[in-house]
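J.: Please find the sequence and the predicted model below.
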Amino acid sequence: MDMRVRPYRSVLYIPGSKERALEKARTLPVDAIIFDLEDAVAPAEKVAARDTLRAALAQGYGKRTTLVRINGLETEWGADDLAAAAQMDCDAILLPKVESTAQLDAAAAVTDKPLWAMMETPRAMLNAAAIAAHPRLAGMVMGTNDLAKELQSRFRTDRLPMLTGIGLCLLAAKAEGVVIVDGVYNAFKDDDGLRAECEQGRDMGMDGKTLIHPAQVDIANAAFAPSEVEIDLARRQIAAFEEAAAQGQGVAVVDGKIVENLHVATAREILAKAEAIETLAAE
Ligand SMILES: CC(C)(COP(=O)(O)OP(=O)(O)OC[C@H]1O[C@@H](n2cnc3c(N)ncnc32)[C@H](O)[C@@H]1OP(=O)(O)O)[C@@H](O)C(=O)NCCC(=O)NCCSC(=O)C[C@H](O)C(=O)O
Ligand SMILES: [Mg+2]
């Protein structure tokens, strides 16, 4: 499926050590899963988590995209995590705290799997263009908890302190055509807060949101899917533009707004995304 069309609305973290959660995920309507060996797994459980995760992935997760987040290659677990993940039934490997292309080169020397990068430090934001342009990079994940820690910023509902960093990563991802998903919303019982943050991410151009709890899935799926209003408008824009083109005109007007070929391209992407979501849901 075309990467610009494949849904990444909901990307759920699951600690690689939690068997119940690993099982539960097979029942959840998530577009992608990050199987975590890093921060969600206690040091004493890290080695055993590799085997737990390998066994879970071998049983399959349907059409969901599967990513394994390893520990940093500079840690005592990183190299063995990477070697283990390279042999697992997963779609890609997610590297934490990527700050340079050298880290991607080191992982690329060990595995042929696509690589994703956690973007979660100020240096990562400053090097986002080079990271996104790495030939093996397929996606970026915002790590907004680590970013807040590094920035020494305060939590704000509008996320003002981190918008510069998020914006740099978005520009880099869009310039290179790689996926980018937003950071987690920690208050997993606060539906309204999550909904607002999803809307903000969607408005900015994020492909989806990383999540920490099953209760967050439906809100993210709704926020990052084309709405009925958007689908209806897209259909009408395409029809109006085709009619105008048939009459030798390059521009149409729908709802009092101009429609040019670039708007039609966006409209087609909206319909393709809606169709891809339907296809995933049907499987
Ligand atoms: C946050 C949690 C610790 C809450 O756990 P718990 O109290 O057990 O939740 P519930 O009792 O409400 O769980 C209800 C059922 O849902 C299952 N469950 C819970 N979480 C998940 C999950 N993530 N995936 C799949 N299933 C899940 C429970 O097993 C219950 O199932 P059932 O028995 O059938 O009722 C917990 O949600 C959790 O551990 N979440 C993940 C935390 C995590 O992965 N953190 C690391 C990633 S965040 C991060 O690092 C971001 C980044 O790096 C940054 O810097 O920002
Ligand atoms: Mg982090």
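T.: Nice, thanks for sending it over. Ligands and ions are numbered 1, 2, ... in the order given.
J.: use CA for all of it now, contacts and neighbours both
T.: Noted.
J.: Could you pull out the helices in this structure for me?
T.: 19-24, 46-58, 78-86, 101-108, 122-126, 128-132, 144-151, 163-176, 191-204, 217-224, 228-246, 261-282 (DSSP state H).
J.: CSV for these, including mean neighbour count, distance to residue 68 and mean pLDDT?
T.: What follows is the helices of the chain, written out as CSV (neighbours: other CA atoms under 10 Å; distance: least, CA to CA, whole Å; pLDDT from 0 to 100):
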stretch, mean neighbour count, distance to residue 68, mean pLDDT
helix 19-24, 14, 12, 98
helix 46-58, 17, 9, 98
helix 78-86, 19, 7, 98
helix 101-108, 17, 13, 98
helix 122-126, 19, 20, 98
helix 128-132, 23, 19, 98
helix 144-151, 17, 18, 98
helix 163-176, 19, 20, 98
helix 191-204, 17, 23, 98
helix 217-224, 20, 19, 98
helix 228-246, 16, 33, 98
helix 261-282, 16, 21, 95
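J.: Can I get the ones you listed in CSV including distance to ligand 1?
T.: Converted to CSV, the helices of the chain look like this (distance: least, CA to the nearest ligand atom, whole Å):
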stretch, distance to ligand 1
helix 19-24, 4
helix 46-58, 13
helix 78-86, 15
helix 101-108, 17
helix 122-126, 12
helix 128-132, 16
helix 144-151, 3
helix 163-176, 12
helix 191-204, 14
helix 217-224, 10
helix 228-246, 29
helix 261-282, 18
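J.: looking at those, which is closest to residue 6?
T.: Taking CA to CA, helix 261-282 is the member of those nearest to residue 6, at 6.3 Å.
J.: Now do the spatially most central residue of the chain, the pLDDT please.
T.: By CA atoms, centre = their mean, the chain has its centre lying nearest to residue 181, at 3.0 Å. With respect to pLDDT, residue 181 scores 98.
J.: so residue 82 makes contact with residue 68?
T.: No. If you go by CA atoms under 8 Å, residue 82 and residue 68 don't touch, sitting 9.2 Å apart.
J.: which residues do those two both contact?
T.: Common neighbours of residue 82 and residue 68 (criterion: CA atoms under 8 Å, 6 or more residues apart in numbering): residue 93.
J.: What separation do you get for residue 64 and residue 103?
T.: According to CA to CA, to the nearest Å, residue 64 and residue 103 sit 26 Å apart.
J.: for residue 229, same thing?
T.: Taking CA to CA, one finds residue 229 at 43 Å from residue 103.
J.: Check residue 34 too.
T.: Counting by CA to CA, the gap from residue 34 to residue 103 is 19 Å.
J.: Next: residue 179.
T.: 19 Å.
J.: and if you look at residue 230?
T.: The value you get for residue 230 to residue 103, if CA to CA is used, is 40 Å.
J.: Next: residue 266.
T.: To residue 103, residue 266 is 35 Å away according to CA to CA.
J.: Next: residue 281.
T.: Remark: distance between residue 281 and residue 103 (CA to CA) = 36 Å.
J.: repeat for residue 62
T.: 30 Å.
J.: Wait, residue 214 touches residue 28, no?
T.: Yes. Under the criterion of CA under 8 Å, residue 214 makes contact with residue 28 at 7.3 Å.
J.: re the thing from before, for residue 7, which of the helices of the chain is the nearest?
T.: Short answer: helix 261-282, nearest of the helices of the chain by CA to CA, at 6.4 Å.
J.: Now tell me what touches the closest one from outside.
T.: Contacts of helix 261-282 (CA under 8 Å, 6+ apart): 4-7, 29, 63, 225-226, 230-231, 233-235, 237-238, 241, 250-251.
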